[in-house]
Each structure stands twice: as C-alpha cells, then as structure tokens.
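In: could you work out the structure for the sequence below:
(chains A and B)
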Protein chains: 2
Amino acid sequence: MILVIHAHPYPSRSRACAALLAGIRDVPSMEVRALYDLYPDFDIDVPAEQAALERAKLIVLLHPLYWYSVPGLMKHWFDSVLLGGWAHGPGGTALEGKDCLWAVTTGDLEKYAIEAPHGHRFEAFTPVVEQTARYCGMNWVEPFVLHDSHEIDEEHLARAGRKLRGRLELWLAEAKHRA
Amino acid sequence: MILVIHAHPYPSRSRACAALLAGIRDVPSMEVRALYDLYPDFDIDVPAEQAALERAKLIVLLHPLYWYSVPGLMKHWFDSVLLGGWAHGPGGTALEGKDCLWAVTTGDLEKYAIEAPHGHRFEAFTPVVEQTARYCGMNWVEPFVLHDSHEIDEEHLARAGRKLRGRLELWLAEAKHRA
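Out: Purely as a prediction, here's the structure:
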C-alpha cells in the first residue's frame, strides 16, 4: 500500500537517509525499493517498477538532495518509468489519485537564501519534483524535509526517523478510515 | 574553448536538439560530447569529462527538458563529475569563471502557467540547473530556450539552430577581444 522509492548513490556514507529508513523499517503494508541496489548498472526493470507503483496508494520518494534535485538514478527512473500513455497523457492514468510524499534530506538550511551559497530559499527547488508528481495526477502531500543532515546528531536523526514513521502511520490510519 | 555537453536519450526521435546541433556543427574551437553515445551504460569516465571541462571556457548544456530538468544521464553526470574538491568546496575551483549556457528545448509554452498542465511558468524550473552551475562558480549567461519544439516546423527549427550558432560565434568574438 506504501511504496518507498529510495535512492542513495553511496549508502555506506548515508546517515540521514539511513536514519529515516531505520525509523520506518517496521511500518506495515510497506515495500521499499532501493534503486541503487536494484539497478547498480542503471538498467531499470520498467515493468517491475510500474507494477510496484500500481500496487501502492502512497508513493514516498526518499533520497538526499543532489544538485538541488533527485540523484541521477532516480531522475533516470522518472524518465524511464513515468511514461506517456501509462503515467500521463492519453490513457496515462496509472498514478492518478495516488499520494506522493517527498522525503528528502539536505545540508545546511542557512545556505538556502538569496545571499547565501545556494542563492535561493529551499522552496525554489521544489517545483521540479512536485510538478513531476502532479503531472502524473498524484496528490502532492506536505513534503518531509530533513535539513542540516550533515550536522545533526544521532538523537535528532532518530527523532526524524520516528517523525517520518508517524507520518506514514497516520497515512495508513486515514487510508483505513477512507476504505 | 567551447564544450557542448549534449544529452538526448533518444537521438533518433530528436528534432529540436538535432536542429540545434546541426546549426552549430561548424562552429570553430568547439567540442561536442554526446553523453548517451559516450555512456550508453551510464558508466561515465569522470577524468575524461573533467579534462574536457578544464579545456573549455564556455560550457553549453544542450538537452531536451525531461521532467522539468535535465535527462537522467546528464543528472548522473552532474552527480559524478562536479565533485567537491574539484568543482566546488575547498580547493574546488576547476570551473570558476567559466561561462555556462543552458540550451534547452521544451514542449508547448502555453502549458507553462499556473492554471495550465505544468502548474508554473517555465522560469520556476530553472533554479535547479542554474544554481548547479553557479555553485561551481560558473557565470550563468542568458539561457537559450527553444519552446514549442514539438510543433514548430523545419524552417523555424533551422532558424533556431542559426540563432544558437550566432550566440556561440558572438561569444567566441568577445572571448578573442578579451584575450
């Protein structure tokens, strides 16, 4: 019912995404697909990915922000999996009405400002991913953004993991209610 | 002196990027690297890419807009080539002061509006690529955006190719003047 698309190019260096994954590990009715494990050679199994998406009602995009966007393999996944006639365009209704939760980890929040190294507030970088989901007819729910991921300590990381878990459990409870 | 990083996942379907490439084919002092030809398996030769970037003074990113951003292989190229200690961060000055020209082809311009399928004006999607260049210390020159690329006829495509060629020739003339 929940599908987590996880993309971290260097899992052994991951602290923040790893903590989020640890936090949500036991959430029921959830499938995690780690793209860099599944497709180290970028050779995406498109039917398998589409089938996983079809099974889900909530799609979580979980990754560190790389160059203000998703990592390369997740972008390749967008290009390869979210096809016209399936995800958008005439006959492309496979994802319509599903919820999409962007769970993204980033560096120092202070650097996201006009007069700072990233030149913009963080929100200036969201339209690319948000509109990708919306163009496929998905509901864009409030993103889960973990800033300062390089600096925060283990305790705060664990708390963030619990917070994300709370988001998913709440979604499951509401989905049960709606059903 | 000019390096064109070209990324089109399906060259045989390309009309607009192909026309732009045809238009600039004879520009002197120019190297074209077609990422999907060089790296069909996404296995980027990072030292070769960095060496090509070091030789250039103007870097052209030429691609169709895919999901509001660069195609997957170009994103993977950003992730793999623009490394800390080389392109940014302490000691990362390899690209500092080089010019960056984003030459991008897109679909129907009318769809880029709040109450339209893309939900935003086109400019809402530029910060991701622009800030990638700027964070590496590059000068972001006025982008070359070819809208309506699916609809326009061969004559207008050829004209766009000549216009891009004009931009590059002007840059070369100015670079000569500065030298």
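
In: does the residue nearest the centre of chain A have beta-bridge partners, and which?
Out: Taking C-alpha atoms, centre = their mean, the centroid of chain A lies closest to residue A:61, which sits 1.2 Å from it. Following DSSP bridges, residue A:61 is listed with bridge partners residue A:5, residue A:102.

In: show me the contacts for it.
Out: Residues near residue A:61 by C-beta atoms under 8 Å, 6 or more residues apart in numbering or on different chains: A:5, A:7, A:70, A:74, A:100-104, A:129, A:133. C-betas here are computed from N, CA, C, even on glycine.

In: up against chain B, what does chain A have?
Out: Proximity of chain A to chain B (C-beta under 8 Å from any C-beta of the partner chain) is limited to residues A:9, A:41-43, A:66-73, A:75-80, A:82, A:117-120, A:124-125, A:127-128, A:131-132, A:134-135.

In: who's in contact with the residue nearest to residue A:126 when sequence neighbours are not counted?
Out: Closest residue to residue A:126 apart from its sequence neighbours, by C-beta to C-beta, 6 or more residues apart in numbering or on different chains: residue A:143 at 7.0 Å. Contacts of residue A:143 were listed using C-beta under 8 Å, 6+ apart, and they are A:101-104, A:126, A:130.

In: and the residue lying farthest from the centre of chain A, what pLDDT?
Out: The outermost residue of chain A relative to its centre, with distances by C-alpha atoms, centre = their mean, is residue A:115 at 28.3 Å. At residue A:115, the pLDDT value in this model is 93.

In: over to it: give its phi and psi.
Out: phi -90, psi 40 (degrees, to the nearest 10).

In: what segments of chain A are strands?
Out: For chain A, strands defined by DSSP state E occupy the ranges A:2-6, A:30-34, A:58-64, A:99-105, A:139-140, A:144-146.

In: export those strands to a markdown table and tack on mean pLDDT?
Out: Below are those laid out as a markdown table (pLDDT from 0 to 100):
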| stretch | mean pLDDT |
| --- | --- |
| strand A:2-6 | 98 |
| strand A:30-34 | 98 |
| strand A:58-64 | 98 |
| strand A:99-105 | 98 |
| strand A:139-140 | 98 |
| strand A:144-146 | 97 |
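
In: quick one: closest of those to residue B:48.
Out: Nearest to residue B:48, of all the strands of chain A, is strand A:58-64, at 26.2 Å by C-beta to C-beta.

In: list the buried residues of the helix ranked longest in chain A.
Out: Secondary structure of chain A read by DSSP state H shows that its longest helix is helix A:154-178. If you call a residue buried by 16 or more other C-beta atoms under 10 Å in any protein chain shown, then helix A:154-178 has these buried ones: A:157, A:160-161, A:164-165, A:167-168, A:171-172.

In: now swap in stretch A:48-64 and tell me
Out: Applying 16+ other C-beta under 10 Å to stretch A:48-64 flags A:49-50, A:52-53, A:56-64 as buried.

In: go on, stretch A:103-121?
Out: Result for stretch A:103-121 [16+ other C-beta under 10 Å]: buried residues A:103-107, A:109, A:112, A:118-120.

In: same question, stretch A:21-28
Out: A:21, A:23-24, A:27.

In: what's the closest of those residues to residue A:177?
Out: For these, the nearest to residue A:177 is residue A:27 (17.0 Å; C-beta to C-beta).

In: against chain B, how distant is the closest residue to that closest one other than its chain neighbours?
Out: Distances taken as C-beta to C-beta, 6+ apart put residue A:168 closest to residue A:27, at 4.9 Å, once the chain neighbours are dropped. Using C-beta to the nearest C-beta, to the nearest Å, residue A:168 is found at 25 Å from chain B.

In: likewise for residue A:105?
Out: Taking C-beta to the nearest C-beta, one finds residue A:105 at 15 Å from chain B.

In: try residue A:15
Out: 17 Å.

In: ok, residue A:142 next?
Out: For residue A:142, the distance to chain B - C-beta to the nearest C-beta - is 17 Å.

In: how about residue A:113?
Out: 12 Å.

In: OK, contacts around that residue?
Out: A:120-121.

In: residue A:97 contacts residue A:137, correct?
Out: Yes. With contact defined as C-beta atoms under 8 Å, residue A:97 reaches residue A:137; the gap is 6.6 Å.

In: higher neighbour count, those two?
Out: Taking neighbours as other C-beta atoms under 10 Å in any protein chain shown, residue A:97 and residue A:137 compare with residue A:137 leading, 16 against 9.

In: tally of neighbours for the nearest residue to that one once chain neighbours are set aside?
Out: Sequence neighbours aside, residue A:96 is the residue nearest to residue A:137 in space, at 3.6 Å (criterion: C-beta to C-beta, 6+ apart). Residue A:96 is flanked by 12 other residues according to other C-beta under 10 Å.

In: you'd agree residue A:96 is up against residue A:136?
Out: Yes. Residue A:96 lies in contact with residue A:136 (C-beta under 8 Å); the separation is 7.5 Å.

In: what do the two both touch?
Out: By C-beta under 8 Å, 6+ apart, no residue touches both residue A:96 and residue A:136.

In: pLDDT wise, what is residue A:179 at?
Out: Residue A:179 is assigned a pLDDT of 78 by the prediction.

In: for chain B, see how far away residue A:12 is.
Out: Counting by C-beta to the nearest C-beta, the gap from residue A:12 to chain B is 16 Å.
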